[in-house]
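Engineer: return a 3D structure for these sequence lines:
(2 chains)
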Amino acid sequence: MSRDRASTAAGPGHRAEAAIISISPDEAGEAAFEDFVDGLSFATSREAGAMKLAGGELLDNLTRYSTPLRDNRIVLRAARRSSGLYLAFFFKSAGFADYAEGLAKKQSASGSRAAPFIKPAFDPSIGRWRGIGLRMCRSLSKSLYFRSGSMLDRIFVAF
Amino acid sequence: MTQLNISESQEEGAHVITLAGPVNSYTYTDFQDKLKIAFDLASIVVVNMEKVTNLSSAGVGVLMASLDDAEDSGKKLFIMQPSEIAKQALDSTGFGDRFTIIASIHEAK
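Structural biologist: Numbers count the residues shown, from 1 in each chain, chains lettered A, B, ... in the order given. The predicted structure is shown next:
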């Protein structure tokens, strides 16, 4: 894991703070992400909780549905801006474009940049609940952007 | 690697499962197994979540399914002293009100 912190001036009276980490899409990466969020000096405990919960769900989805990733790495950047707290994921996955397109269609249909609403329900065929993670992302974040690019795929979450 | 530590005890007629660490997609199965066995052994199960450092949808799903099973069989599930992030996770699902939160084992009746 590699980790870096940055603190830069963003104009008079403002100070942008940010931290970056590079992780692998696996259990070690999940643990590193949780430690990373716990160590953010510019987030309150409640903000860090929202970031850990919603970010963890997105990380889990990436690990499950978008691997293999180029270089087997995901770079995460957490930052505080005047408008709030942000978390960005940077990676490259062959399967992400379809996933991002599907989400964009759902958001376009709803007219909202929030995570799509899917009512959680128990699925007896697999014996567990479905849709809880997306519900958590929706209620813990202000907006969610998925962007697939030729060089890099990105997810931006605002809290 | 951060692990989920699970300990169990019998207190005041209840089976108490104490969690310490993250309940996420890598650790929830141990918790799920312990919870299933606990409901085979007792009619009142208390999950102490004071030291839970993360509660993902996988962990919430285990609690939801266990609550459903408990209600169907006339048994009771209590959550004791949830950490701030555990409470935040439960509330974020919209199902937080379904769970009975207690401050001490004496309230598990």
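Engineer: for the helix or strand hosting B:Q32, what is the average pLDDT?
Structural biologist: Assessed by DSSP states H and E, B:Q32 sits inside helix B:28-41. What helix B:28-41 shows for mean pLDDT is 96.
Engineer: with stretch B:83-94 instead?
Structural biologist: So the average pLDDT for stretch B:83-94 ends up being 96.
Engineer: which residues touch the helix holding B:Q32?
Structural biologist: B:4, B:6, B:8, B:15, B:17, B:19, B:23, B:45, B:47, B:56, B:58-59, B:61-62, B:66, B:69-70, B:73, B:75 (C-beta atoms under 8 Å, 6 or more residues apart in numbering or on different chains). No exception for glycine: its C-beta is placed from N, CA and C like everyone else's.
Engineer: what about the top helix by length along chain A and chain B, touching?
Structural biologist: Secondary structure of chain A per DSSP state H: the longest helix is helix A:45-65. Yes. Helix A:45-65 is in contact with chain B by C-beta under 8 Å from any C-beta of the partner chain, via A:45-46, A:49-50, A:52-53, A:56-57, A:60.
Engineer: most neighbours out of those, which is it?
Structural biologist: A:K52 (29 neighbours; other C-beta atoms under 10 Å in any protein chain shown).
Engineer: secondary structure element for the nearest residue to that one once chain neighbours are set aside?
Structural biologist: What sits nearest to A:K52 in space, not counting adjacent residues and going by C-beta to C-beta, 6 or more residues apart in numbering or on different chains, is A:V37, at 4.5 Å. Taking DSSP H and E as the criterion, A:V37 maps to helix A:27-38.
Engineer: need the helices for the chain, in chain order.
Structural biologist: With no chain named, the answer covers chain A. Using DSSP H, helices in chain A cover A:27-38, A:45-65, A:96-110, A:132-140.
Engineer: chain B is the one I meant
Structural biologist: Ranges of helices in chain B, per DSSP H, are B:28-41, B:57-72, B:84-92.
Engineer: which residues are contacting the second one?
Structural biologist: Yep, that's helix B:57-72 we're talking about. With C-beta under 8 Å, 6+ apart, helix B:57-72 has contacts from A:57, A:60, A:122, A:127-129, A:132-133, A:135-136, B:23-25, B:28, B:31-32, B:35-36, B:39, B:45, B:47, B:75-77, B:79, B:89-90, B:93, B:95, B:98-99.
Engineer: which one of the helices of chain B is the most hemmed in?
Structural biologist: Counting by mean count of other C-beta atoms under 10 Å in any protein chain shown, helix B:84-92 has the highest mean neighbour count of the helices of chain B, with a mean of 22.
Engineer: please state the offset of that helix from the chain centre?
Structural biologist: 13 Å (C-alpha atoms, centre = their mean, to the nearest Å).
Engineer: neighbours of the residue in chain A that chain B sits nearest to, just the number please.
Structural biologist: Nearest to chain B in chain A, going by C-beta to the nearest C-beta, is A:G133, at a distance of 3.5 Å. Using other C-beta under 10 Å, the number of residues around A:G133 comes to 26.
Engineer: measure B:S73 to chain A for me?
Structural biologist: Distance from B:S73 to chain A, counting by C-beta to the nearest C-beta, to the nearest Å: 16 Å.
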